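Student: model this:
(one chain, ligands or ions: 1)
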Amino acid sequence: MATTRYTANDLRRQVGSPRSKGRENKDTLCRNVVIYGNCRYEDQGCTFNHDQNKMSSSQTDLTSKKTFNVDSPSFTPAGQPQPPAKKSTFSSQAASAAPFTPRGANVTPNLQHQATTETSIFNPAAIREFTPQNYDIGNTNSANGAAQDGVYSDPFTSMNSLGPALPPAGQFNPYANDHSTMGGSGATFYPQHGSFPAGLTQPPNYHLYTPYDSYRQDLQPWQRSTYDFFMPEKMREHMQKKMYATQQVMPNLGLPQLERWHSLVPLDTNNRKNSSSFGYPSWMYKAQNSRTGRHYALRRIEGYRLTNDKAITTAMKEWKKIKNANIVTVHDIFTTREFGDSSLIFAYDYHPLSATLQEHHFPSHGPRFRAPNFIPENVLWGYICQITNALRIIHSSKLAARCLELSKIIVAEKDRIRLAACSILDVVQFETNTRSVLELQQEDLIKFGRVMLSLATNTLPVHLNNIQAALDSLGTKYTSNLKEAIAWLISPVGPGESKPFDNFITGISTQMTAFFDLALQDGDEKESMLARELENGRVARLLMKLATITERGDLAGMQGWSEAGDRYQLKLFRDYVFHQVDADGKPRLSIGHILNCLNKLDAGLEEMVVLTSRDNDNVFVLTYRELRQMFERSFNELVKHSKHGAPGAN
Ligand SMILES: Nc1ncnc2c1ncn2[C@@H]1O[C@H](COP(=O)(O)OP(=O)(O)OP(=O)(O)O)[C@@H](O)[C@H]1O
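Tutor: Numbering: from 1, shown residues only. Predicted coordinates:
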């Protein structure tokens with residue numbers, strides 16, 4: 001469809017209003033009828049014609065004269081430099097196109113042929129547009145207008161070949177305000193009750209995707225929050241902090257660069273040398289892997305001398321298989337002398353901004369003093385379910401967690417915990433350990449019980465001297481279920497006996513299902529947040545492309561490239577989207593309007609948009625589809641003249 005250009009005077013001459021009194025305008029269709037469907041001045045002296053069906057032929061002649069066609073000189077805004085080689089801004093395709101016939105519901109100037117005046121209602125079937133019926137992926141020269149125009153290079157369109165033969169309905173337009181005007185396509189998307197299968201036969205055009213809940217158009221700007229369109233503020237802040245923590249570097253600390261690891265940053269919150277967990281002091285660092293570029297948490301066991309390489313290979317072989325949401329995955333184990341001693345290093349997944357359960361719930365042992373808080377029962381059950389989940393996979397893999405203590409369990413998200421030091425004792429005590437896996441697994445259960453008892457009584461494990469008294473004290477704060485579960489875990493077994501862990505898992509199944517439900521709800525909520533950002537990701541790409549075109553200036557020897565031809569309309573569109581002002585000249589800053597316009601541009605809708613130059617001298621009425629074509633053409637021109645193309649721009 002060719003771009004139709006009107007000057008402001010063309011349109012002004014059409015305006016019906018009481019101001020026109022005294023002039024004979026009966027042959028001219030009132031512009032209020034054209035734009036709004038009726039004229040409220042009709043009975044108050046407006047002299048224009050208000051009956052669309054009675055448009056005289058003189059009107060048609062008049063407008064056809066006014067309408068620009070392929071013979072018209074190309075539009076160049078006053079005062080703008082002319083691009084040298086360009087004869088016409090109409091493409092060859094535009095030259096053979098039918099004269100402009102507005103079909104939009106909102107702006108229907110109806111200035112063209114009399115024959116088309118009756119079809120001024122949006123009629124998708126009449127549009128030479130993507131038609132899913134019998135679409136052949138291999139045939140790029142199909143009758144599909146989209147392919148010819150190069151508007152859609154969307155792999156999703158290939159999905160249409162998968163569907164059954166479909167009625168030649170128009171596109172579903174999720175941005176249309178009134179879906180009842182969608183004719184046939186509306187019927188396919190809003191099936192009658194009982195006609196469910198028929199309603200789903202049309203695969204949607206995925207270019208037109210829209211948020212799960214469309215934006216509320218009727219809200220006033222002050223009722224609308226910017227955050228309606230983006231992820232919640234707290235979530236954004238949390239994620240940004242995590243990114244910042246991941247990228248943080250401390251270059252002058254004098255930490256060495258290891259063979260494949262650089263940019264080491266200490267994670268320990270104190271300088272105390274503590275050997276209680278592994279028999280050697282240990283230190284934590286964040287580091288970046290020079291091969292993958294990813295960040296890892298390195299645990300250094302200071303002063304450990306490896307005597308048997310099998311210790312590492314065996315541990316790696318066994319622990320590499322363990323993938324569990326409540327266990328920090330170990331990726332590599334190696335030795336180094338870069339710290340000036342012989343150190344053993346374990347490379348784990350890095351979980352930014354983690355704190356150990358001890359730091360989290362016993363803050364006096366963290367960087368700042370805070371009195372230990374009472375931990376609600378549901379949080380404790382959450383921990384029990386998660387540690388159970390971790391131990392179940394470890395034990396069923398014939399391994400033992402071994403290092404199960406408050407300072408080796410980390411909390412990264414709210415109440416989400418992970419065992420952070422698995423596999424270390426398997427390497428460090430490879431040659432000295434004399435106990436069987438079964439014994440170590442039984443010990444895991446007791447350690448598990450001690451961790452829970454510490455948390456439930458707000459007592460550090462070293463101060464848990466009287467286990468029975470601590471268990472008894474639980475009765476006043478928590479349910480007997482919790483007390484019994486902890487008592488079962490912590491109870492010792494005689495030599496050669498074992499407590500069946502599966503019995504414990506069955507016993508806490510109610511809490512497990514409750515926790516599972518919470519996890520699913522959390523997943524649902526995160527997906528809906530992700531859906532909002534999905535929209536924004538595509539808008540960001542569109543904006544980046546638009547910004548590369550507008551205000552560019554010259555291109556490849558073409559003076560004022562960005563001000564002429566297609567680019568001029570794109571610039572006016574930019575103004576329409578971002579620089580609108582109200583009647584008092586004050587900025588209109590509606591994020592909804594911006595997102596709506598950009599989405600429509602991305603989808604290349606047939607909806608009309610009126611673009612006006614800042615001096616009001618030039619007015620363009622064109623469809624988003626045409627704008628989209630201009631946008632693609634302009635960007636492709638840029639890509640053609642660039643050295644490396646635009647990788648990732650699609
Ligand atoms: N995989 C990980 N990703 C990110 N941070 C971690 C990871 N593992 C541990 N940390 C953090 O590193 C810091 C130090 O951990 P560490 O296990 O050394 O605790 P600690 O309290 O210093 O124990 P210890 O006194 O036994 O050394 C803690 O703040 C912990 O949250």
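Student: Which stretches in the protein count as strands?
Tutor: Assigned by DSSP state E, the strands in the chain fall at 4-7, 25-29, 48-49, 261-266, 282-289, 295-301, 330-336, 343-349, 355-356, 409-411, 417-419, 608-612, 618-623.
Student: Can you lay out those as JSON lines showing mean pLDDT?
Tutor: JSON lines is the format used below for these (pLDDT from 0 to 100):
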{"stretch": "strand 4-7", "mean pLDDT": "43"}
{"stretch": "strand 25-29", "mean pLDDT": "71"}
{"stretch": "strand 48-49", "mean pLDDT": "79"}
{"stretch": "strand 261-266", "mean pLDDT": "95"}
{"stretch": "strand 282-289", "mean pLDDT": "97"}
{"stretch": "strand 295-301", "mean pLDDT": "97"}
{"stretch": "strand 330-336", "mean pLDDT": "96"}
{"stretch": "strand 343-349", "mean pLDDT": "97"}
{"stretch": "strand 355-356", "mean pLDDT": "96"}
{"stretch": "strand 409-411", "mean pLDDT": "97"}
{"stretch": "strand 417-419", "mean pLDDT": "98"}
{"stretch": "strand 608-612", "mean pLDDT": "94"}
{"stretch": "strand 618-623", "mean pLDDT": "93"}
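Student: how about those in CSV, adding mean neighbour count and distance to residue 527?
Tutor: In short, each C-beta sits where N, CA and C put it, glycine included. Output for those, formatted as CSV (neighbours: other CB atoms under 10 Å; distance: least, CB to CB, whole Å):
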stretch, mean neighbour count, distance to residue 527
strand 4-7, 19, 43
strand 25-29, 19, 50
strand 48-49, 21, 53
strand 261-266, 18, 32
strand 282-289, 21, 29
strand 295-301, 22, 25
strand 330-336, 18, 28
strand 343-349, 22, 23
strand 355-356, 18, 27
strand 409-411, 23, 23
strand 417-419, 23, 22
strand 608-612, 19, 33
strand 618-623, 21, 34
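Student: okay if I get these as a markdown table plus distance to the ligand?
Tutor: Below are the strands of the chain laid out as a markdown table (distance: least, CB to the nearest ligand atom, whole Å):
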| stretch | distance to the ligand |
| --- | --- |
| strand 4-7 | 61 |
| strand 25-29 | 70 |
| strand 48-49 | 73 |
| strand 261-266 | 9 |
| strand 282-289 | 4 |
| strand 295-301 | 3 |
| strand 330-336 | 10 |
| strand 343-349 | 4 |
| strand 355-356 | 5 |
| strand 409-411 | 5 |
| strand 417-419 | 7 |
| strand 608-612 | 50 |
| strand 618-623 | 53 |
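Student: Distance to residue 586 added to these, as JSON lines?
Tutor: Formatted as JSON lines, the strands of the chain follow (distance: least, CB to CB, whole Å):
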{"stretch": "strand 4-7", "distance to residue 586": "27"}
{"stretch": "strand 25-29", "distance to residue 586": "34"}
{"stretch": "strand 48-49", "distance to residue 586": "32"}
{"stretch": "strand 261-266", "distance to residue 586": "48"}
{"stretch": "strand 282-289", "distance to residue 586": "48"}
{"stretch": "strand 295-301", "distance to residue 586": "47"}
{"stretch": "strand 330-336", "distance to residue 586": "56"}
{"stretch": "strand 343-349", "distance to residue 586": "51"}
{"stretch": "strand 355-356", "distance to residue 586": "48"}
{"stretch": "strand 409-411", "distance to residue 586": "48"}
{"stretch": "strand 417-419", "distance to residue 586": "52"}
{"stretch": "strand 608-612", "distance to residue 586": "17"}
{"stretch": "strand 618-623", "distance to residue 586": "22"}
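Student: just the residues of the stretch 401-550 of the chain that are near the ligand, which are they?
Tutor: For the stretch 401-550 of the chain, the contact set with the ligand under CB under 6 Å from any ligand atom comprises 407-408, 410, 420.
Student: returning to what we had before: for residue 547, find the nearest of the strands of the chain.
Tutor: Residue 547 lies closest to strand 608-612 among the strands of the chain, at 17.9 Å (CB to CB).
Student: just checking, residue 582 touches residue 588?
Tutor: Yes - using CB atoms under 8 Å, residue 582 is in contact with residue 588, at 5.4 Å.
Student: More neighbours: which of these two?
Tutor: residue 588 (12 against 8; other CB atoms under 10 Å).
Student: residues near the closest residue to that one other than its chain neighbours, how many?
Tutor: Among residues not flanking residue 588 along the chain, residue 580 sits closest, at 4.3 Å (CB to CB, 6 or more residues apart in numbering). For residue 580, the neighbour count with other CB under 10 Å is 15.
Student: likewise residue 504?
Tutor: Applying other CB under 10 Å, we find 18 residues neighbouring residue 504.
Student: I'd like the distance between it and the ligand.
Tutor: Distance check for residue 504 against the ligand: by CB to the nearest ligand atom, to the nearest Å, it reads 26 Å.
Student: show me the contacts for that residue.
Tutor: By CB atoms under 8 Å, 6 or more residues apart in numbering, the contact set of residue 504 is 388, 445, 485, 488-489.
Student: Now the closest residue to residue 32 other than its chain neighbours: phi and psi?
Tutor: Leaving out its chain neighbours, the residue that sits closest to residue 32 by CB to CB, 6+ apart is residue 39, at 3.7 Å. Reported as degrees, to the nearest 10, the phi and psi values for residue 39 are phi -130, psi 120.
Student: so where's the stretch 501-650 of the chain shaky on pLDDT?
Tutor: Counting by pLDDT under 70, the stretch 501-650 of the chain has low-confidence residues at 647-650.
Student: all helices for it, in order.
Tutor: All helices of the stretch 501-650 of the chain, identified by DSSP state H, counting those that start in this stretch, fall at 501-507, 509-549, 566-578, 591-603, 624-641.
Student: Can you add distance to residue 232 and give those back as TSV?
Tutor: Shown next, in TSV, are the helices of the stretch 501-650 of the chain (distance: least, CB to CB, whole Å):
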stretch	distance to residue 232
helix 501-507	35
helix 509-549	7
helix 566-578	25
helix 591-603	16
helix 624-641	31
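Student: Identify whichever of those lies nearest to residue 436.
Tutor: With respect to residue 436, and counting by CB to CB, the nearest of the helices of the stretch 501-650 of the chain is helix 501-507 at 15.5 Å.
Student: Next, the buried residues of that closest one.
Tutor: The neighbour-count criterion (16 or more other CB atoms under 10 Å) identifies 501, 504 as the buried residues of helix 501-507.
Student: Would you mind extracting the C-alpha trace of that helix into PDB?
Tutor: In PDB, the C-alpha atoms belonging to helix 501-507 read as follows (Å, rounded to 0.1, in the frame of the first residue of the first chain):
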ATOM      1  CA  PHE A 501      15.500 -42.000  56.000                       C
ATOM      2  CA  ASP A 502      12.600 -43.000  53.700                       C
ATOM      3  CA  ASN A 503      10.300 -43.300  56.800                       C
ATOM      4  CA  PHE A 504      11.200 -39.700  57.700                       C
ATOM      5  CA  ILE A 505      10.400 -38.500  54.200                       C
ATOM      6  CA  THR A 506       7.000 -40.300  54.400                       C
ATOM      7  CA  GLY A 507       6.400 -38.700  57.800                       C
END
